[in-house]
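[1] how does the following fold in three dimensions:
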Amino acid sequence: MANTHHNLIILGGGPAGLTAGLYAARARMDHLLIEKGAEGGQILLTDWIDNYPGFPDGISGFELAEKILAQAKRFDLNSMFANVTSIELSETVKRLELDNGDSLSCDCLIICTGARPRPLGVPGEKELTGKGVSYCATCDAPFYRNMHVAVVGGGNTAIQEAAHLTKFADKVTVIHRRDELRATKILQEKAFANPKIDFIWNTTVTEIIGTDGVEKLQLLNRDQTTSELSVDGIFVLIGVLPNNDMLPLDVLKADEGGFIPTDQETRTVVPGVMAAGDIRSKEVRQVINAAGEGATAVLAAEQYLTNLS
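    Residues are numbered from 1 along each chain as shown. Purely as a prediction, here's the structure:
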């Protein structure tokens, strides 16, 4: 497949990429979707989605990803698993290099590489990752039956995951650096009403302590007092970092966080290059707007390709 060319390449197979793939396949475009892992992206790590239209009883993230993928395959989605190491955007034809030495080219590129969990960056975190330090309650909650775990964060994901953990753990302590949560009001109300969830406010974790597993956390309060909290595990849910290692960030004019700015039609500053989903510079990162952006990106790509010809 060395030096294969397509009109459109979609990089990433999360909700944005899969929706883009669905739209491209249904439009019978000459397309290729590239994903380096399992299709679905971050929603594969989401226990339950209650606010995606069309599913009045909710749906698991895994099942939603399966359904979007199956729908795209019904229209003959063209996809492959590969790891893109670099992208060249200086010419009209865009070029992608793969880690196996092969290369691909395209007239139009949609970047849907998504984002990944942000680490705390404190002593003990890296050493104990997988031994009590986790970034996905959906994945690891069953390991903490009848135990005490901590959740760091105050946004929607942190509070949703804290609620999920209460199905297994005896006690969940939410540690937040502010004095109020950032999660939506309905999630806050449910968390405050849950007898298994406690809160520690105005506090950060400065060290994760343990030998073969997490044993306790060193905490620092805003008033500079320190304390320790004994726990069996800690779930770090403090936001995301962009998956942008393969992207030419200077050419794409990435923002300070490394996310890619676009106009409202998902077009980047580079003609023929769109960005959709969590890699895009924006405030709201939800499955529903990622999917919408994926669709918008393909419509913008169609327009670009029509003008190009």
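
[2] first-to-last residue distance for stretch 232-243?
    30 Å (Cα to Cα, to the nearest Å).

[3] same check on stretch 129-149?
    14 Å.

[4] flag the shaky bits of the stretch 151-300 of the chain, pLDDT-wise.
    Within the stretch 151-300 of the chain, no range satisfies pLDDT under 70.

[5] tell me the contacts of residue 218?
    205, 206, 207, 208, 209, 226, 228 (Cβ atoms under 8 Å, 6 or more residues apart in numbering). Heads up, the C-betas are built off the backbone N, CA and C, glycines and all.

[6] which of those count as buried?
    Buried subset of those (neighbour count, 16 or more other Cβ atoms under 10 Å): 205, 207, 208, 209.

[7] dump the residues you listed into CSV; add secondary structure and distance to residue 31 as well.
    Formatted as CSV, the buried ones among the contacts of residue 218 follow (DSSP: H, G, I helix; E, B strand; the rest coil; distance: Cβ to Cβ, whole Å):
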residue, secondary structure, distance to residue 31
205, strand, 44
207, strand, 48
208, strand, 44
209, strand, 50
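
[8] so what's the backbone phi/psi at the residue nearest to residue 260 when sequence neighbours are not counted?
    Once flanking residues are discounted, residue 260 sits nearest to residue 275: 4.1 Å by Cβ to Cβ, 6 or more residues apart in numbering. Main-chain torsions, residue 275, degrees, to the nearest 10: phi -130, psi 140.

[9] do the same with residue 136
    phi -150, psi 100.

[10] what's the answer for the one 10 residues further on, then?
    Taking degrees, to the nearest 10, you get phi 60, psi 30 for the backbone angles of residue 146.

[11] and what of residue 293?
    phi -70, psi -40.

[12] ok, it touching residue 280?
    Yes. Between residue 293 and residue 280 there is a contact under Cβ atoms under 8 Å: 6.4 Å.

[13] wait, doesn't residue 178 sit right on residue 203?
    No. In terms of Cβ under 8 Å, residue 178 does not count as a neighbour of residue 203; the distance is 9.6 Å.

[14] neighbour-wise, which of the two wins?
    When residue 178 and residue 203 are compared for neighbours, residue 203 comes out ahead with 23 against 11, by other Cβ atoms under 10 Å.

[15] isn't the more buried one right up against residue 176?
    Yes. Look at residue 203 against residue 176 with Cβ under 8 Å: they come within range, at 7.2 Å.

[16] before we move on, the earlier item: of all the buried ones among the contacts of residue 218, which comes closest to residue 287?
    Residue 287 has its nearest neighbour among the buried ones among the contacts of residue 218 in residue 205, at 28.5 Å by Cβ to Cβ.

[17] any figure for the gap between the closest one and residue 228?
    11 Å (Cβ to Cβ, to the nearest Å).

[18] hey, what's in contact with both of those two?
    217, 218, 219.

[19] need the strands for the stretch 101-250 of the chain, in chain order.
    Ranges of strands in the stretch 101-250 of the chain, per DSSP state E, counting those that start in this stretch, are 103-111, 115-117, 133-134, 148-152, 171-175, 197-200, 203-209, 216-221, 226-230, 233-236, 240-242.

[20] distance to residue 37 added to the ones you listed, as a markdown table?
    A markdown table is the format used below for the strands of the stretch 101-250 of the chain (distance: least, Cβ to Cβ, whole Å):
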| stretch | distance to residue 37 |
| --- | --- |
| strand 103-111 | 16 |
| strand 115-117 | 11 |
| strand 133-134 | 18 |
| strand 148-152 | 25 |
| strand 171-175 | 29 |
| strand 197-200 | 32 |
| strand 203-209 | 27 |
| strand 216-221 | 30 |
| strand 226-230 | 34 |
| strand 233-236 | 20 |
| strand 240-242 | 16 |
